[in-house]
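Peer 1: Below are the sequence and a predicted model for it; my questions follow.
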Amino acid sequence: MTTPTRSGHDLPARLLQVLAPWRNAPIWHVGLSGGLDSTVLLHLLVEISRRETLPALHAIHIHHGLQPAADVWPVHCQQICRALGVAFELVRVQVEPGASIEQAARQARYAAFADRLGEGDVLLTGQHRDDQAETLLFRLLRGAGARGLAAMPVQRILGRGHLLRPLLDVPRIELEGYARQHGLNWVEDPSNSDQQFSRNFLRSQVLPLLTSRWPQASASLARTAGHLGEAQQLLDELAMQDIASAHATTAFAWLGLPVLSLGPIAGLSAARQRNALRYWLAPLTRLPDTDHWAGWETLRDAAPDASPLWRLADGALYRGQNCIWWLPTGWEQVCSGPTQWLDPRAPLSLPGNGQLLLEGGAPAGPLQVCYRQGGEVMRIDGRGRRDLKRLLNEQAVPAFLRGRLPLLYREDELLAVANLPGLDASPNERWRLRWVAPTSDQSLS
């Protein structure tokens, strides 16, 4: 028994229905590789635009420079766009070498797309139902979780706009029929036949075998990806609730670092803990798979007076004062000093550590900025000389912050500790030392 294929005659109507929520976008960018999928997508959009009012169309071809055959594809794409009356842009990208050339090329491609999306723009790409089935199989064999097995979402945020895959419910055979019906020409990527690439092996060997036994295999696999996408949405909603319940208010909100209260998270089941933390950390770092979460358990179960770290790909989780903090890469590095402050009327840029300002005036100099080494003593009005360590303990300053707090000195006299109430100014003068800490997107090195 064969699977019935819908006629391409109603494909424009189905496509327009998927695109309906996006018809007020400023521009529809089309990722045009020159292959079957993107060629059909662009042709469909042009055909629809002849009878419907659509956003301006703009085709983008990304040239990765990975194989000689690809050098002629930009010319082919430009000819297609000229014939259809669509604006065309060629973008050349540099693919960073790595373990997976496919992954590196994909990252470079989508980074280039994101750079070209204006506010509210939409990028349309031509992935189809067979691609979705292939993605599900590929990720299943890699042991992916629900998010990975949801395969490709129909839409997601990209840069200042959105990425939309409007053909995910359309089988490749239907796109081929449309292309033949309209006399379309497309290029074939020679690397698609290279069996050393896992996805190519799935596409040419595994999926045809599955389809010979189960004709609706691709449709069923794509449907399963949809079910898993819905399940992941529910997991995300649960994570949002758990993260909201762990909202933490600390005296160090001025740091701008993500922070959660440990208790509400630790009180969840192990599965809910991982789910909440995955959701919270996903925008911040690459995450380990389920088998490599022992670092979280060590951090969670450490003694109350410990200050454990769980190091991840792009930073670390720190536990302290019953909270868990996200520290971007570099926060554990020792700050260099001292730094002379020659003109205290102007802000002072600290190497790898943000900016320092004096508000309301300035003490007499010469001034310099140093960092804690241990053994510092500070004169406190009405209390005499006090160890800085004890003063920091009194304000419950987290251990990760102590080595980064700027200390203002005049010769050997510690005048102020930035941003700490009672320590950031002299009681007899009208100035205050304010530190603008580095953010996660600033260099900390």
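Peer 2: Thanks, I have it.

Peer 1: which residues are in contact with the host helix or strand of residue 208?
Peer 2: Taking DSSP states H and E as the definition, residue 208 sits inside helix 207-213. Helix 207-213 is contacted by residues 130, 133-134, 137, 217-218 when judged by Cβ atoms under 8 Å, 6 or more residues apart in numbering. Bear in mind the C-beta positions are built from the backbone N, C-alpha and C, glycine included.

Peer 1: Give me the most central residue, this protein.
Peer 2: Centroid check for the chain by Cα atoms, centre = their mean gives residue 283 as the closest residue, at 4.7 Å.

Peer 1: What residues sit buried inside the helix holding residue 208?
Peer 2: For helix 207-213, burial by neighbour count (16 or more other Cβ atoms under 10 Å) applies to 207, 210-211.

Peer 1: can you check stretch 303-312 too?
Peer 2: Of the residues in stretch 303-312, those buried under the neighbour-count criterion (16+ other Cβ under 10 Å) are 308-310, 312.

Peer 1: Residue 314 versus the residue nearest to the centre of the chain, what's the distance?
Peer 2: Taking Cβ to Cβ, to the nearest Å as the measure, residue 283 falls 10 Å from residue 314.

Peer 1: likewise residue 361?
Peer 2: Distance check for residue 361 against residue 314: by Cβ to Cβ, it reads 40 Å.

Peer 1: So which of the two has more stuff around it?
Peer 2: The residue with more neighbours, out of residue 361 and residue 314 and counting by other Cβ atoms under 10 Å, is residue 314; that gives 14 against 11.

Peer 1: And the protein, split by domain according to the record?
Peer 2: Partitioning the chain according to the TED database yields domains covering residues 11-231, 247-328, 339-436.

Peer 1: ok, which stretches of the stretch 101-250 of the chain are strands?
Peer 2: 122-124, 155-158, 161-164 (DSSP state E, counting those that start in this stretch).

Peer 1: Need the winner for burial among the ones you listed.
Peer 2: With neighbours taken as mean count of other Cβ atoms under 10 Å, those reach their highest mean count in strand 122-124, at a mean of 25.

Peer 1: hang on, isn't residue 318 packed against residue 309?
Peer 2: Yes: between residue 318 and residue 309 there is a contact under Cβ atoms under 8 Å: 5.5 Å.

Peer 1: Show me the shaky parts of the stretch 51-200 of the chain.
Peer 2: The stretch 51-200 of the chain contains residues with pLDDT under 70 at 98-99.

Peer 1: What are the boundaries of the helices in it?
Peer 2: Remark: helices of the stretch 51-200 of the chain, listed N- to C-terminal, are 73-84, 101-116, 129-141, 146-149, 172-181, 198-201; assignment by DSSP state H, counting those that start in this stretch.

Peer 1: about what we covered before: what touches both of residue 318 and residue 309?
Peer 2: Contact with both residue 318 and residue 309 is made by residues residue 327, according to Cβ under 8 Å, 6+ apart.

Peer 1: picking that back up, nearest to residue 23, out of the helices of the stretch 51-200 of the chain?
Peer 2: For the helices of the stretch 51-200 of the chain, distance to residue 23 was read as Cβ to Cβ. The smallest value, 19.3 Å, belongs to helix 73-84.

Peer 1: Can you list the buried residues in that closest one?
Peer 2: For helix 73-84, the buried set under the neighbour-count rule, 16+ other Cβ under 10 Å, comprises 73-74, 76-78, 80-81, 84.

Peer 1: Among those residues, which one lies nearest to residue 377?
Peer 2: The shortest distance between residue 377 and any of the buried residues of helix 73-84, using Cβ to Cβ, involves residue 74 and amounts to 68.0 Å.

Peer 1: How about the closest one, nearest residue that isn't a chain neighbour?
Peer 2: The shortest distance from residue 74 to any residue that is not its chain neighbour, by Cβ to Cβ, 6 or more residues apart in numbering, is 4.9 Å, and that residue is residue 90.

Peer 1: so that neighbour bridges to which residues?
Peer 2: Taking DSSP bridges, one obtains residue 61 as the residues bridged to residue 90.

Peer 1: Look at it and say how many residues are nearby.
Peer 2: Residue 90 is surrounded by 15 other residues when neighbours are defined as other Cβ under 10 Å.

Peer 1: and if you look at residue 432?
Peer 2: The burial metric for residue 432, expressed as a neighbour count using other Cβ under 10 Å, is 16.

Peer 1: So which bits of stretch 323-342 are buried?
Peer 2: Taking 16+ other Cβ under 10 Å as the neighbour-count basis, stretch 323-342 is seen to contain the buried residues 323-329, 331, 335, 337, 339, 341.

Peer 1: would you turn those residues into CSV with distance to residue 52 and pLDDT?
Peer 2: What follows is these, written out as CSV (distance: Cβ to Cβ, whole Å; pLDDT from 0 to 100):
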residue, distance to residue 52, pLDDT
323, 53, 94
324, 51, 96
325, 51, 95
326, 46, 96
327, 51, 94
328, 46, 92
329, 48, 88
331, 52, 84
335, 59, 83
337, 64, 75
339, 62, 89
341, 64, 91
